[in-house]
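Need coordinates for the following:
(one chain, ligands or ions: 1)
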Amino acid sequence: MTSLADLPLRADLVGRTAYGAPQLHVPVTLNVNENTHPVPQEVRADILERIAASLDEVNRYPDREFTDLRLALAGYLGHGLAPEQLWAANGSNEVLQQVFQAFGGPGRTVLTFPPTYSMYANYATTTGTAVAIGRRDDGFRLSGATVVAEIERTRPDIVVICAPNNPTGTPVGLDVIEAAYAATDGVVIVDEAYGEFMPQEAPSALTLLPGRPRLAVSRTMSKAFAFAGARLGYLAADAAFTDALRLVRLPYHLSAITQAAALGALAHAPLMLRMVDEIRVQRDRTASGLASLGYRVWPSWTNFLLFGGVDDPKALWQGLLDRGVLIRDLAIPGSLRVSAGTAHETDLFFEAMTALTPVGAR
Ligand SMILES: *Cc1c(COP(=O)(O)O)cnc(C)c1O
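Predicted structure coming up:
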């Protein structure tokens, strides 16, 4: 059998393993921060109709500039954004990779703040961008002073700030983004994949876009919109910034079917987002339940929680899996991450956690 070692693979990819959480079929799947509520029936019907209509012209290439979708995304985000300030691709992973292709590359550096979304380092590898590791403050927090010090130390071309942060759930203040932007000549990417789960009154980094042409805020329909399988991510930035991404995108990268599906979902945004409040309720319920079992739960503005105080994370992860509950081990010492599910999934998670947490041991 041929193995990777037999192929003339690029030297910097040798020995690397592919990204991916285990995709196991178990009753309770709380490992990749999906929205575990299905898309409402009425929205499905509209999406299907739009996809059917798109098939009339599927012999032709799709609208390369996804004009209608940019208009709909601008309308959804608000903040006075114009359609040309919006950019979309097959998941925000593709959007972020395009940012690295356009602004990173050989001889350039990206600054990230681990523990954070591990894909940032992955886009760096595949685009030949060097990675600088930024330090965080205590409790996974990020202050403006720390970010500025790390920018001055590493002089990056791209700064990526995940806000709120995955996998810790940690909120990031807008003062941190403002300070980062002022301290660098590079681009600043704020990954707001969990933006819709922030408290209603918390401002988005979208409010900082005017007058900051090197700032981009990325979002996704994968989490709050319960649309992970459709693959639609996007960012908002200055029109010149989105123009730069047109240099690296593949021709017709967003299929007509994807555009139709996303337009259908966005046309029903309030209905699609109906579950966000309920998910926050289950997240907070999960937090207080874990705390009462004696675990340390980190503050979260997302749809998941990082909890510490786990003696043997691998054993607890396996014990949960044996009981049909899949969560995530991100190799953060003594810690595991769990996504907020439905009320029923939360019940089942707690049944298993209670069985696996010895009484009086904590
Ligand atoms: C889930 C997630 C993404 C989004 O991925 P998609 O490609 O849009 O599904 C981006 N950033 C972070 C931090 C995430 O957790």
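
ok, and for the helix ranked longest in the chain, which residues are buried?
When the chain is parsed with DSSP state H, its longest helix is helix 275-292. Applying a neighbour-count criterion of 16 or more other C-beta atoms under 10 Å, one finds 275, 276, 279, 280, 282, 283, 286, 287, 289, 290 buried in helix 275-292. To be clear about C-beta, it is placed using only N, CA and C from the backbone, and glycine gets the same treatment.

Could you tell me which residues make contact with residue 326?
Taking C-beta atoms under 8 Å, 6 or more residues apart in numbering as the contact definition, residue 326 lies against 22, 24, 26, 28, 29, 30, 31, 320.

Tell me how far it lies from residue 319.
Using C-beta to C-beta, to the nearest Å, residue 326 is found at 12 Å from residue 319.

Tabulate the buried residues of helix 275-292 (JSON lines), appending distance to residue 332.
Below are those laid out as JSON lines (distance: C-beta to C-beta, whole Å):
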{"residue": "275", "distance to residue 332": "28"}
{"residue": "276", "distance to residue 332": "26"}
{"residue": "279", "distance to residue 332": "23"}
{"residue": "280", "distance to residue 332": "23"}
{"residue": "282", "distance to residue 332": "22"}
{"residue": "283", "distance to residue 332": "18"}
{"residue": "286", "distance to residue 332": "17"}
{"residue": "287", "distance to residue 332": "17"}
{"residue": "289", "distance to residue 332": "20"}
{"residue": "290", "distance to residue 332": "15"}
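
What residues does residue 193 make contact with?
If you count contacts by C-beta under 8 Å, 6+ apart, residue 193 has them with 92, 117, 162, 166, 218, 219, 220, 222, 223.

Checking my notes, it in a strand, right?
No - note on residue 193: no strand contains this position according to DSSP: H, G, I helix; E, B strand; the rest coil, which reports coil.

What's opposite residue 235 in the beta bridge?
The partner list for residue 235 in beta bridges (DSSP bridges) reads residue 87, residue 218.

per-residue pLDDT, it?
The confidence metric pLDDT takes the value 98 at residue 235.

can I assume it is in contact with residue 209?
No - between residue 235 and residue 209 there is no contact under C-beta atoms under 8 Å: 10.4 Å.

picking that back up, from the contacts of residue 326, which has minimum pLDDT?
Within these, pLDDT reaches its minimum at residue 22, with 79.

Show the contacting residues for that one.
Taking C-beta under 8 Å, 6+ apart as the definition of contact, the neighbours of residue 22 are 31, 326.

And what about it, helix, strand or coil?
Taking three-state DSSP as the rule, one finds residue 22 in the coil state.

Distance check, it against residue 265.
Note on residue 22: its distance to residue 265, by C-beta to C-beta, is 28 Å.

What distance do you get for residue 68 to residue 125?
Distance, residue 68 to residue 125, using C-beta to C-beta: 35 Å.

go on, residue 58?
From residue 58 across to residue 125, the span is 35 Å (C-beta to C-beta).

Check residue 216 too.
Relative to residue 125, and taking C-beta to C-beta, residue 216 is found at 21 Å.

okay, now the residue of the stretch 251-362 of the chain found nearest the ligand: neighbour count?
For the stretch 251-362 of the chain and the ligand, the shortest gap (C-beta to the nearest ligand atom) falls at residue 302, measuring 8.1 Å. For residue 302, the tally of surrounding residues (other C-beta atoms under 10 Å) stands at 30.

tell me the contacts of it?
Contact analysis of residue 302 by C-beta under 8 Å, 6+ apart lists 33, 164, 166, 169, 194, 197, 283.

tally of neighbours for the second one?
By the other C-beta under 10 Å criterion, the neighbourhood of residue 164 contains 23 residues.
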